[in-house]
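1. Pasting a predicted model and its sequence here:
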Amino acid sequence: MKFLQTIIFSCLISSGVSGADWPTQGHDNQRSATTAEQLDISRLSLSWTWKSPMPPSPAWKGTARWDAYSYIRNNKSMRAYDRAFNISSAGNQLFVASSAESAVIALDTADGSENWRAFASAPVRIAPTFDSGKVYFGSDDGTARCVSAGDGAKLWSYRANPSRKLVPNDGRFISLYPCRTGVMVQDGKAYAGFGLVPWEASYLSSIDANSGTQIYRTTLNVGNTLGHTLEGALLSTSDRIFAPQGRISPVSFNLDTGVRQARLEGGGGAFAIVTNDGKLLTGPGFGNSSFAKSRKNFIQETNANNLSAIVRHADAHAVLATTTTYHFLIKDKVRAVNRSGGATRWLGSLEGANTLALAGTTLFVGGKNLVIALDSGNGNELWTAVVVGEVHSLAIANGKLFASTSSGKIYCYQ
């Protein structure tokens, strides 16, 4: 069973099971946003809608500032990863990361009714992770938590820095060391990053996934590790952790020891995926150069095994990868490109295109007031659903499609 996620635009794909028959390990730490599950498009229709009493409260509000130095406007924000409530699904539950109510809310996927909620004391921004009957999440209160997937009961909590020092943020107080990476689980260990500003300490921690006991804690922004701001969902290979950093390019760590290895090429962003053949794609980059041509948004491609830079994909702000094709989001366009040779296979349009998910041969795209389904082979439109708000988060599980929007609504189609 797989539970797949990709974050900045928080597209999550999962295939789960019914009832209490939880999968033993259900996540994709490469954030691939792909599943072999094929939805029946001919029958796909609205099943239920859930609405939060308050809209999402993003960490970084507003649009990206224009680049006055290079006279470039309309760049995608590098930290727009929580414009909607990020979602994930396992079994018969949908887990909602609520930045408005500072909680993880578990919804019954049959009818959208609430099963339980687990509170934090500050916004939850990154989609919860499910593993072995447990749900893991981080919060702006500086805490990583593990709760029971059955009823939301607390199992453990962990703080990388025990300090209760608070700072104001959007009308409320948060920790100076918020957990804005979510909690990643791999081989019985949980991993989480903590930090906010580059002149204060940031941390990467490994935690026993069952007991909450610290295995290691790497401290950054001291000595020769200055300037780190871990922000965006962690992802991994068999021996490395990659941490997006929002304002600057990602950083690589040794998975087993937490030793910092290198800061990678690129211009920032909180989006990242690792392909099956070991390519790391991150962005939307902006900066790291005074030349106008290279200060536009781009996706940076890196070799995830040796950390060498490969190529920048100009103007793109998100990507989904298969073995043969890259599907890029470029402003209001969806572009399918052959990975070998780089030729464009097809080009589609969707206003405000934000997020991608691939289910079998169907490509789902979330945009402004719409979710569409495209044939991934030729780009033909197969299905359309009207929603309220911009779609920033998608999940697919057990024949259902879930879409979360900037209005605080979540839609279920089946």
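-> Ah, there it is.
2. which intervals of the stretch 1-150 of the chain have sub-threshold pLDDT?
-> Low-confidence segments of the stretch 1-150 of the chain, defined by pLDDT under 70: 1-27, 62-75.
3. Please enumerate the strands of it.
-> Taking DSSP state E, counting those that start in this stretch as the test, the strands found in the stretch 1-150 of the chain are 3-6, 11-14, 34-35, 46-51, 86-90, 93-98, 103-108, 114-119, 129-131, 134-138, 144-148.
4. Just say which of these is most tucked in.
-> Across the strands of the stretch 1-150 of the chain, the average number of neighbours (mean count of other C-beta atoms under 10 Å) peaks for strand 11-14, which reaches a mean of 31. For the C-beta atoms, the positions are set from N, CA and C on the backbone; glycine is no exception.
5. Let me have the strands of the stretch 1-150 of the chain in JSON lines, extended by distance to Val386.
-> Formatted as JSON lines, the strands of the stretch 1-150 of the chain follow (distance: least, C-beta to C-beta, whole Å):
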{"stretch": "strand 3-6", "distance to Val386": "24"}
{"stretch": "strand 11-14", "distance to Val386": "19"}
{"stretch": "strand 34-35", "distance to Val386": "24"}
{"stretch": "strand 46-51", "distance to Val386": "10"}
{"stretch": "strand 86-90", "distance to Val386": "19"}
{"stretch": "strand 93-98", "distance to Val386": "21"}
{"stretch": "strand 103-108", "distance to Val386": "21"}
{"stretch": "strand 114-119", "distance to Val386": "25"}
{"stretch": "strand 129-131", "distance to Val386": "30"}
{"stretch": "strand 134-138", "distance to Val386": "31"}
{"stretch": "strand 144-148", "distance to Val386": "35"}
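6. between the ones you listed, which gets nearest to Leu363?
-> Among those, strand 34-35 comes nearest to Leu363, with 9.7 Å by C-beta to C-beta.
7. Neighbouring strands of the closest one in the sheet, and parallel or not?
-> Next to strand 34-35 in the sheet, as set by DSSP bridges, lie strand 355-359 (parallel).
8. Tell me which residues are up against the partner strand.
-> 9-13, 33-35, 37-39, 318-320, 322, 327, 329, 334, 363-366, 376, 391-396, 401 (C-beta atoms under 8 Å, 6 or more residues apart in numbering).
9. Weed out the non-buried ones from those residues.
-> If you count burial by 16 or more other C-beta atoms under 10 Å, the buried members of the contacts of strand 355-359 come out as 9-13, 33-35, 37, 39, 318-320, 322, 327, 329, 334, 363-366, 376, 391-396, 401.
10. So what angle separates the directions of the lengthiest strand in the chain and strand 86-90?
-> Longest strand of the chain, by residue count under DSSP state E: strand 381-397. Counting by axes from the mean of the first three to the mean of the last three C-alpha atoms, to 10 degrees, strand 381-397 lies at 70 degrees to strand 86-90.
11. quick one: Thr257 and Tyr216 touch, right?
-> Yes. Between Thr257 and Tyr216 there is a contact under C-beta atoms under 8 Å: 6.7 Å.
12. Counting neighbours around each, name which of those two comes out higher.
-> Comparing Thr257 with Tyr216 by other C-beta atoms under 10 Å, the one with more neighbours is Tyr216, at 15 against 11.
13. got a list of what the more buried one touches?
-> 205-206, 257-258.
14. Let's see the pLDDT reported for it.
-> Looking at Tyr216, its pLDDT is 98.
15. still on that earlier bit, any common contacting residues for Thr257 and Tyr216?
-> By C-beta under 8 Å, 6+ apart, no residue touches both Thr257 and Tyr216.
16. per-residue pLDDT, Tyr326?
-> So, for Tyr326, pLDDT stands at 98.
17. Leaving out sequence neighbours, find the closest residue to it.
-> Val337 (4.8 Å; C-beta to C-beta, 6 or more residues apart in numbering).
18. Tell me, how many residues neighbour that neighbour?
-> 19.
19. Please name the residues that touch it.
-> With C-beta under 8 Å, 6+ apart, Val337 has these contacts: 325-328, 343-345.
20. Please repeat the previous calculation with a cut-off of 10 Å.
-> By C-beta atoms under 10 Å, 6 or more residues apart in numbering, Val337 lies in contact with 313, 316, 319, 325-328, 343-347.
21. Among those residues, name the ones in strands.
-> Secondary structure defined by DSSP E assigns 313, 319, 325-328, 344-347 of these to strands.
22. where does Ser404 fall, helix, sheet strand or coil?
-> Under DSSP: H, G, I helix; E, B strand; the rest coil, Ser404 falls in the strand class.
23. Count the residues that sit near it.
-> If we define neighbours as other C-beta under 10 Å, then Ser404 has 33 of them.
24. doesn't Leu107 make contact with it?
-> No. Ser404 lies out of contact with Leu107 (C-beta atoms under 10 Å); the separation is 11.0 Å.
25. Mutual contacts of these two, please.
-> The contact sets of Ser404 and Leu107 overlap at 50, 87, 94, 96, 410 (C-beta under 10 Å, 6+ apart).
26. Next, give me the two most distant ones among those.
-> Pairwise distances across these peak at 10.2 Å for Trp50 and Ile87 (criterion: C-beta to C-beta).
27. which residues are in contact with both of these two?
-> Common neighbours of Trp50 and Ile87 (C-beta under 10 Å, 6+ apart) are 94, 96, 105, 107, 402, 404, 410.
28. Tell me the one of those nearest Phe286?
-> Nearest to Phe286 among these is Ser404, at 25.2 Å by C-beta to C-beta.
29. Just give the nearest non-adjacent residue to that closest one, would you?
-> Excluding its sequence neighbours, the residue lying closest to Ser404 (C-beta to C-beta, 6+ apart) is Ser393, at 3.8 Å.
30. in terms of contact, does the one you found touch Arg83 like I think?
-> Yes. Checked against C-beta under 10 Å, the pair Ser393 and Arg83 is within contact range at 8.7 Å.
31. would TSV of the contacts of Val337 with distance to Ser45 be doable?
-> Below are those laid out as TSV (distance: C-beta to C-beta, whole Å):
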residue	distance to Ser45
His313	35
Ala316	32
Val319	29
Thr325	29
Tyr326	31
His327	25
Phe328	29
Ala343	36
Thr344	33
Arg345	30
Trp346	26
Leu347	28
